[in-house]
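Enquirer: I'd like to go over a predicted model; first the sequence, then the structure.
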Amino acid sequence: MSEQTGNERTPARTPDFEPAQTFTPSTEQAREAQRQQERLAQAHRQLDTLRSRSKQLEAQLQSAGRNNQRMSDLLETTRNEISQLRNALQADGQAPFTFGTVIAYRPAHAQAEGREIQATTVAGVDILQAGRKLRVSLSPLISPDQLQAGDEVLLNENFTVVAILGAERTGELARVKEVLPDSRLVIISRGEDERVVTLTEAATAAAQREGLHSARVGDAVMVDLRTGTATEIVPLSEVEDVVLEESPDVSYSDIGGLSEQIEAIRDAVELPFLHADLYKEHGLRAPKGILLYGPPGCGKTMIAKAVASSLAETGQSAADDAGQPGTGQGAGSGSAGPGKGAFFLNIKGPELLNKYVGETERHIRVIFSRARERASAGQPVVVFFDEMEALFRTRGSGVSSDVETTIVPQLLAEIDGVESLENVIVIGASNREDMIDPAILRPGRLDVKIRVQRPGREGAGEILGIHLGGAVPLHPELLAAHGDRAAAVAALVDALLDRLFPHTPVARLRLIHADGTHTAFQAADFMSGAVLSNIVDRAKKAAIKDFLRAGTDPAQKGLTLDHLLAAAEEELRDQEDLVNTADPQAWARVVGASTSPVVRIERPSQAAAGAHR
């Protein structure tokens, strides 16, 4: 029974074991469930964190709102206080005000122990007021960047700067004697008093805006001697009237009848620049000066201008041949010469004279200072003294003054000082070379002396060809008679030369000497480039008048031979009438006649004309 029972229970246990295996999860499922539980727990924790963060942000937002309200209230209060302060500052500037002149602005700085107290380290303005130097405060409404030395300012009752008026437009003038570093100038004011002043930045900026140079030796500056500042560079015409800086455009081809003189001056001036190495090898130097002398109106000034122009062209062509820009330094430096524009300083001698002692000498120093300035930049400079005898007479020859005793030594010192500047050439022109001091004429100063003679027949023909060339209108009948313009001009020139240089001499003036001899002056003895130019101008004017009288008929337009011959006769009569009969000896020297004493002047041509009438 028991066995049977046992046999029956055995199969009954099997169903109990099998369901247990069916509902037990697998390992992967258990792990997944564990992960889900962890995620759920983490989500709960994150939710709690976010809730806490939300509460914190809400609290911060409420705090920021409260702070913002406080800042808004504070800003409004500050704005009101600033407005009240500005109103107080503006009210503090009630008239009357005191004027002062700025010396310098002093920014705040660290205290120097043992040298200043703490109160002196704050920012302030040094001013000059009623002859006293004061350090005052600057209104917070005024920008310190606007302050310049020499500016005029307004001060309130508390001596606070409340307005900047700028530099004064009127003041004392002084001359710059020397330019020092750090924008300082040595000036000469009130006679010969020398002072050191500071050139303000505003003055330099104003000069640059107006296209002016910075302060140079000889310039005029407006100064405030109380504050020691130069507030403006004043471009005076005083120096410019006597020193004409220009770049001449006159060439040797524009000068007729002076081929020998031009060749001599080119040998003296251009050779040292073209062949500097050969000059250095032979121990030669370029001449410092040239004297052009001779009768008036013969082209001395034109030659001087042509020298300056030729120097520039020569230097530029030499630099181009070398493949370099023209920046040579002149003879003695081994270069071909300057290639920049030449400068021609035309000194008007009589205007250089001044009644004040030392002024003429100062002008001479300014002239050579300008020459050195230009020459140091590699540009050839020609300093041309016209009418040289007016300035540099023989010392001791003055009748009513002895001004030449100081002017001549000043020029000698300047010429000798030009020795180191190879690009400077001094050219003097005079028709009274006998009056120039011999010390100036000696070799080493005016080394080359060239006499510019009156033109002969050939030279006069060249000059007339220049003045009749170009587009000068010629009469249609004249052009038809000679076929073309060149032949017509040649015929006009030949006919006019026959009148001016007749084959049979005709005396127009006669100088009677003390020994009984006489010197006859023919028309050719009055000739010069200026006279020939004036003859052509007279003829052109006569041609215009005839054309207008003919009712502007094109057939009557143009120059004729009759116009030229009539103009020549008028010009010769004027030359005769202008002869100085009161001092015939002096006139004879000027025109280059014999130096033998002359007692009187006769006019045979006028006497013959009177007898004929």
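Expert: The structure has been received and is ready for your questions.
Enquirer: Ramachandran angles for the residue nearest to residue 429 when sequence neighbours are not counted?
Expert: Here the nearest residue to residue 429 in space, its sequence neighbours aside, is residue 300; by Cβ to Cβ, 6 or more residues apart in numbering that works out to 4.0 Å. C-beta coordinates here come from the backbone N, C-alpha and C atoms, glycine included. Residue 300 has phi and psi values of phi -70, psi -40 when expressed as degrees, to the nearest 10.
Enquirer: Distance of residue 300 relative to residue 466?
Expert: 17 Å (Cβ to Cβ, to the nearest Å).
Enquirer: Have a look at the two and say which one is more surrounded.
Expert: Neighbours per residue, other Cβ atoms under 10 Å: of residue 300 and residue 466, the larger number sits with residue 300, 25 against 18.
Enquirer: for that one, what are its contacts?
Expert: For residue 300, the contacting residues are 292, 293, 294, 386, 429, 452, taking Cβ atoms under 8 Å, 6 or more residues apart in numbering as the criterion.
Enquirer: Quick check: of those residues, which lies closest to residue 442?
Expert: Comparing the contacts of residue 300 against residue 442 with Cβ to Cβ picks out residue 293 as the nearest, at 15.0 Å.
Enquirer: Could you pull up the residues touching that closest one?
Expert: In this structure, residue 293 makes contact with 300, 429, 430, 431, 433, 449, 450, 451, 452, judged by Cβ under 8 Å, 6+ apart.
Enquirer: Among these, pick out the one closest to residue 146, please.
Expert: Taking Cβ to Cβ as the measure, residue 429 is the one of the contacts of residue 293 closest to residue 146, at 53.6 Å.
Enquirer: check which helix or strand covers the closest one.
Expert: Assigning secondary structure by DSSP states H and E places residue 429 in strand 424-430.
Enquirer: got it, and residue 369?
Expert: Element membership of residue 369, judged by DSSP H and E, is helix 359-376.
Enquirer: Buried ones in that helix, by neighbour count?
Expert: 360-375 (16 or more other Cβ atoms under 10 Å).
Enquirer: For these, name the two members farthest from one another.
Expert: Using Cβ to Cβ, the two most remote members of the buried residues of helix 359-376 are 360 and 375, lying 22.7 Å apart.
Enquirer: ok, so of the buried residues of helix 359-376, who is nearest residue 82?
Expert: Taking Cβ to Cβ as the measure, residue 373 is the one of these closest to residue 82, at 55.1 Å.
Enquirer: How about the closest one, nearest residue that isn't a chain neighbour?
Expert: Counting by Cβ to Cβ, 6+ apart, residue 373 lies nearest to residue 216, which is 6.7 Å off, once chain neighbours are set aside.
Enquirer: ranges for the strands of the stretch 501-613 of the chain?
Expert: Taking DSSP state E, counting those that start in this stretch as the criterion, the stretch 501-613 of the chain carries its strands at 509-513, 518-521, 598-602.
Enquirer: Ok, which of these comes nearest residue 407?
Expert: With Cβ to Cβ as the yardstick, what comes closest out of the strands of the stretch 501-613 of the chain is strand 598-602 (30.7 Å).
Enquirer: residue contacts, residue 436?
Expert: 291, 388, 389, 392, 393, 394, 428, 430.
Enquirer: Columns secondary structure, distance to residue 35 and pLDDT on top of those residues, output as JSON lines?
Expert: Listed next are those as JSON lines, based on DSSP: H, G, I helix; E, B strand; the rest coil; distance: Cβ to Cβ, whole Å; pLDDT from 0 to 100:
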{"residue": "291", "secondary structure": "strand", "distance to residue 35": "119", "pLDDT": "90"}
{"residue": "388", "secondary structure": "helix", "distance to residue 35": "118", "pLDDT": "86"}
{"residue": "389", "secondary structure": "helix", "distance to residue 35": "123", "pLDDT": "84"}
{"residue": "392", "secondary structure": "coil", "distance to residue 35": "118", "pLDDT": "84"}
{"residue": "393", "secondary structure": "strand", "distance to residue 35": "124", "pLDDT": "82"}
{"residue": "394", "secondary structure": "coil", "distance to residue 35": "126", "pLDDT": "83"}
{"residue": "428", "secondary structure": "strand", "distance to residue 35": "116", "pLDDT": "89"}
{"residue": "430", "secondary structure": "strand", "distance to residue 35": "121", "pLDDT": "88"}
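Enquirer: Write a ChimeraX command that selects only the buried members of the residues you listed.
Expert: Buried residues within the contacts of residue 436, by 16+ other Cβ under 10 Å, are selected in ChimeraX with:
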select :291,388,389,392,393,394,428,430
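Enquirer: quick check, nearest of the contacts of residue 436 to residue 121?
Expert: When these are compared for distance to residue 121 (Cβ to Cβ), residue 392 comes out closest, at 61.6 Å.
Enquirer: that older thread, which residues are in contact with the very next helix or strand once past the helix holding residue 369?
Expert: Beyond helix 359-376 on the C-terminal side, the first helix or strand identified by DSSP H and E is strand 381-386. Outside of strand 381-386, the residues that reach it under the criterion Cβ under 8 Å, 6+ apart are 300-301, 304-305, 307-308, 311, 342-349, 367-368, 371, 374-375, 391-392, 423-429.
Enquirer: Strand 381-386 pairs with which strands, parallel or anti?
Expert: According to DSSP bridges, strand 381-386 has the following sheet partners: strand 343-348 (parallel), strand 424-430 (parallel).
Enquirer: okay, the angle between it and helix 359-376?
Expert: For strand 381-386 against helix 359-376, the angle by axes from the mean of the first three to the mean of the last three Cα atoms, to 10 degrees is 150 degrees.
Enquirer: Just the CA trace of strand 381-386, in PDB.
Expert: Taking only C-alpha atoms (Å, rounded to 0.1, in the frame of the first residue of the first chain), the coordinates of strand 381-386 have been written out as PDB:
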ATOM      1  CA  VAL A 381      70.800 126.300 -55.900                       C
ATOM      2  CA  VAL A 382      71.800 129.400 -57.800                       C
ATOM      3  CA  VAL A 383      71.900 132.600 -55.600                       C
ATOM      4  CA  PHE A 384      71.600 135.500 -58.000                       C
ATOM      5  CA  PHE A 385      72.500 139.000 -56.900                       C
ATOM      6  CA  ASP A 386      71.200 141.500 -59.500                       C
END
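Enquirer: where does the stretch 101-250 of the chain have low pLDDT?
Expert: 191, 237-247 (pLDDT under 70).
Enquirer: any idea of the angle the helix or strand containing residue 413 forms with strand 424-430?
Expert: When elements are assigned from DSSP H and E, residue 413 belongs to helix 404-417. With the same axes, to 10 degrees defining the directions, helix 404-417 sits at 140 degrees from strand 424-430.
Enquirer: Wait, residue 295 touches residue 528, no?
Expert: Yes: with the criterion set as Cβ atoms under 8 Å, residue 295 and residue 528 qualify as a contacting pair; they are 6.1 Å apart.
Enquirer: got any residues that touch both of these two?
Expert: Contact criterion Cβ under 8 Å, 6+ apart; residues shared by residue 295 and residue 528: residue 454.
Enquirer: C-terminal to whichever strand or helix holds residue 68, what's the next element?
Expert: For residue 68, the host element (DSSP H and E) is helix 27-92. Sequence order places strand 98-106 as the next helix or strand after helix 27-92, per DSSP H and E.
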